[in-house]
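K.L.:
Sharing a model that was predicted from the sequence below.
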Amino acid sequence: MNIKDPEVHAMARELAARRSTTVTDAVRQALRAELERSPSPNGPGALEARKAVIRAICARVSARPGWQGRTSKELQDALYDEDGLPT
């Protein structure tokens, strides 16, 4: 790994000094801790969570006034004026 950002190097050295360890160990520990905190996009429940987000977006879009009963062509045409420019 070749990190060229001087700020990142300084942060790694500071973390290593605070933990009385090597820079490599400090980076390893920090990455391990962050991976444990971050949910896996393929972990249990991830698919259902994404589906719930999509359903919520669909519900918000469907609830917009004036969208019910219009075709997708009508909705698309409403985005542009007679010169083809966005309205």
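P.N.:
Ah, there it is.

K.L.:
what distance separates the host helix or strand of Thr24 from the middle of the whole chain?
P.N.:
Using DSSP states H and E, Thr24 sits in helix 23-37. Relative to its chain's centre, helix 23-37 lies at 21 Å (CA atoms, centre = their mean, to the nearest Å).

K.L.:
and what of stretch 52-72?
P.N.:
A distance of 22 Å separates the C-alpha centroid of stretch 52-72 from that of its chain, computed with CA atoms, centre = their mean.

K.L.:
Show the end-to-end separation of that stretch, please.
P.N.:
The separation between the terminal residues of stretch 52-72, taken as CA to CA, to the nearest Å, is 24 Å.

K.L.:
before we move on, back to that, buried stuff in the helix holding Thr24?
P.N.:
Judged by neighbour count using 16 or more other CB atoms under 10 Å, the buried positions of helix 23-37 are 26-27. In short, each C-beta sits where N, CA and C put it, glycine included.

K.L.:
pLDDT of the following helix or strand past it, averaged?
P.N.:
The element immediately downstream of helix 23-37 (helix or strand, assigned by DSSP H and E) is helix 46-62. Here helix 46-62 scores 91 as its mean pLDDT.

K.L.:
re earlier: convert the C-alpha atoms of the helix holding Thr24 to PDB, please.
P.N.:
Coordinates of each C-alpha in helix 23-37 appear next as PDB, following Å, rounded to 0.1, in the frame of the first residue of the first chain:
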ATOM      1  CA  VAL A  23       2.300   2.600  12.300                       C
ATOM      2  CA  THR A  24       1.400  -0.700  10.600                       C
ATOM      3  CA  ASP A  25      -0.300  -2.000  13.800                       C
ATOM      4  CA  ALA A  26      -2.100   1.300  14.400                       C
ATOM      5  CA  VAL A  27      -3.500   1.300  10.800                       C
ATOM      6  CA  ARG A  28      -4.400  -2.400  11.200                       C
ATOM      7  CA  GLN A  29      -6.200  -1.800  14.500                       C
ATOM      8  CA  ALA A  30      -8.100   1.300  13.100                       C
ATOM      9  CA  LEU A  31      -9.200  -0.600  10.000                       C
ATOM     10  CA  ARG A  32     -10.300  -3.600  11.900                       C
ATOM     11  CA  ALA A  33     -12.300  -1.400  14.300                       C
ATOM     12  CA  GLU A  34     -13.900   0.400  11.400                       C
ATOM     13  CA  LEU A  35     -14.800  -2.800   9.600                       C
ATOM     14  CA  GLU A  36     -16.500  -4.100  12.700                       C
ATOM     15  CA  ARG A  37     -18.600  -0.900  13.000                       C
END
